[in-house]
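>>> Fold the following, please.
(chains A and B)
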Amino acid sequence: MSMVEFKKVSKQFGSHLVLESIDLAIDPGEVAVVIGPSGSGKSTMLRCINVLERVSGGDLLVDGLSVRGNARDVRRIRLEAGMVFQQFNLFPHLTALQNVMFGPIRSRGRSKAEAREIAEALLQKVGLGERMNHYPSQLSGGQQQRVAIARSLAVGPKLMLFDEPTSALDPELRQEVLKVMQTLATEGMTMIVVTHEMAFAKRVGSRLLFMDGGQLVHDGKPIELLSDPPSERFREFLKHVD
Amino acid sequence: MTFEWTAITDALPELLQGLELTMLIALAGLAGGIVVGALTGALLTYGGWLAQAPAQIYVALIRGTPITVQVMFIYFALPILMNIRISATNAGILTLIINSGAYNAEIVRGALESVPTGLKEAGLSMGLSFRKVLAYVIAPIAVRRALPAMGNQLVSVVKDTSIFLVIGVGELTRRGQEIMSANFRAVEIWTAVAVIYLIVISILAVSLRFVERAARLP
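The predicted structure follows:
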C-alpha cells in the first residue's frame, strides 16, 4: 500500500485553482523531492497531506486514511505525518527539550519520563545534546530547524513532510539541516521535501517531482530528469535555481 | 490654613474600613472580569458569527456608555425591569465584572490574534485537537502578550470602584466624602484618600511588573 496517494486532487482558494487534478502515489521509504516555481502549488500539495489545507476535489489517502475523514481520522493522519515548516514554528515559551517532549506528552499521552527519554535521544541525534535547555530565541536558525525536526520525529511519524526547510536559513546554516535530513533518509524514513536545494535532490532524493501552475508536470529519477530535462519549461526553471 | 494631622488620624479607622470594601469589590470585579474577558475574547476570535455577534454587541454597549450610567442602570433600572432586588455592593461588583470584562475581551482578542498562525499549525500538525493547541500553545503565549495591557486595566478597575459612591456603596471615596461633610477638613481628608489609593495601586503595579518579569521569555 502506498504511504500517500493523491487521487485527482484539486484545491481551490476562492476562484483560484491552486492544485489541478493531482495523481500521485508515494511508497514507503521513498524520498520525494518537490520542486517548481513559487505559486506552483508545491506547499499547498504538502499541506493537503496533513490536512492543514482541505482538498477541494478528489481524494487523498495517507497510510490508508482519507483526508476527507472525520476529526479523529484527521488527527490520526497528523500523528503519522510529521511536518517541518519553513519558519520552524518552535513554541517560544518552551525550551528545546520541552518542545520535543511536547508531542509525546500531548498527542501520544506518554509520561514525562518517557517523553524526556525520547526527546533527549532525538536532540542528541540532531546534534543538539548540549543545547537542550535553551529557548528557541537563544538558538541559531539552523539549530531551531533541527529542534523542529526532532520535535516532529518525537511524535513517531511514519512520514515526514518538509516545507522549504532551509529557505529561511543563511547558506552556511543550511548544511547542518540537510545533513540531518539525509541521515533520516538513509534510515528509511519516507519523506516528501519541498525545496530549492538541487544538490540535495540529486544526492538524497529517490524521486523528483516538478510542479508548475498547479499541475504535476514531471515525475522521475532525479539524476535522469536533471541531466536530460524533458521540457523547455523545466530547463528554464533549472537555470533560475542554480 | 493649618494642616490638621489629627483630622487624618481620627478619620483613618473609618477610611480603612472603606478601603476594605473597595478591595473586596475590586478583587471580585477583577476576577470576574478576567473570566468574562477571556471567554468573550475567545468567542470574538474563534467563534462563528452566531457567537461573535452577541459578544460584539456586548463590547460595543459597554465601551459606548459611561460606567456611572452602567451602575445606575444595574442598581436602579434592572430591579424595575426584572423585579429583582440587588444590594449596592453587589451592583458595584456586577458593574465592574461586566465593564472590565468588555475591555479585557478586546485585550484578549488582540493577544490571541497576535500569536502567529504557524504555531497553531505546528500544534495541529502534531495531532492535537484545536482545544489542546489553544490550551498549551496559544494561551501561554497570548497571556504573556496580554499582561501589560491587562495591568492597565486592573489598575483602572481599582480606581473605578470610587464611582460607586453614587449608589451609596461605603467604599473609600464615599467614606471620605462622609467624613469631610461632617468636619469640613477637605484638604486633609482628600489628601489621605488620595494617598491610600496611591499606595494600594503602587503595590498592585509593582506586583504586576514582577509577574511580567517572571513570565518574560529569554
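>>> Chain neighbours aside, what residue packs nearest to residue 59?
All of this refers to chain A. residue A:7 (4.7 Å; C-beta to C-beta, 6 or more residues apart in numbering or on different chains). C-beta coordinates here come from the backbone N, C-alpha and C atoms, glycine included.
>>> my bad, the chain I had in mind was chain B
Of all residues not flanking residue B:59 in the chain, residue B:102 sits nearest, at 4.7 Å (C-beta to C-beta, 6+ apart).
>>> what do you get for residue A:139?
Nearest residue to residue A:139 in three dimensions, chain neighbours excluded: residue A:131, at 6.3 Å (C-beta to C-beta, 6+ apart).
>>> I'd like to know how many residues surround that neighbour.
18 (other C-beta atoms under 10 Å in any protein chain shown).
>>> do the same with the one 3 residues further on
Using other C-beta under 10 Å, residue A:134 has 17 other residues around it.
>>> what pLDDT, on average, does stretch A:55-72 get?
Along stretch A:55-72, the predicted local confidence has a mean pLDDT of 96.
>>> do stretch B:189-207 as well
Mean predicted lDDT for stretch B:189-207 stands at 96.
>>> Stretch A:153-165 close to chain B?
Yes. Against chain B, stretch A:153-165 shows contacts by C-beta under 8 Å from any C-beta of the partner chain at residue A:155.
>>> what's the span of that stretch, first residue to last?
Stretch A:153-165 stretches 15 Å from its first residue to its last (C-alpha to C-alpha, to the nearest Å).
>>> to the chain's geometric centre, what's the distance from that stretch?
Its chain's C-alpha centre and that of stretch A:153-165 lie 6 Å apart, by C-alpha atoms, centre = their mean, to the nearest Å.
>>> Tell me the buried residues in it?
Buried residues in stretch A:153-165, counted by 16 or more other C-beta atoms under 10 Å in any protein chain shown: A:153-155, A:157, A:159-165.
>>> list the helices and strands the helix or strand bottoming out on mean pLDDT in chain A packs on?
Lowest mean confidence among the helices and strands of chain A (mean pLDDT, DSSP states H and E): helix A:232-241, at a mean of 92. With contacts taken as 3 or more C-beta pairs under 8 Å, 6 or more residues apart in numbering or on different chains; DSSP states H and E, helix A:232-241 sits against strand A:207-212, strand A:215-220.
>>> Just the buried positions in it, please.
A:233-234, A:237.
>>> and which of these is nearest residue A:109?
Set against residue A:109, the nearest of the buried residues of helix A:232-241 by C-beta to C-beta is residue A:237 (44.9 Å).
>>> Setting aside sequence neighbours, what's the nearest residue to the closest one?
Nearest to residue A:237 is residue A:37, by C-beta to C-beta, 6+ apart, at 6.1 Å.
>>> which residues does the one you found contact?
Contacts for residue A:37 (C-beta atoms under 8 Å, 6 or more residues apart in numbering or on different chains) come out as A:212, A:237, A:240.
>>> rewinding a little: return the residues in contact with the residue nearest to residue A:139.
Counted by C-beta under 8 Å, 6+ apart, residue A:131 has contacts A:96, A:123, A:138-139, A:143.
>>> Now residue 48. Its backbone dihedrals?
Picking chain A for this. As for residue A:48, its main-chain torsions (degrees, to the nearest 10) stand at phi -70, psi -30.
>>> look at chain B instead
Per degrees, to the nearest 10, the backbone of residue B:48 is at phi -70, psi 180.
>>> what stretches of the chain score poorly on pLDDT?
Unless you meant another one, I'm taking chain A. A:242 (pLDDT under 70).
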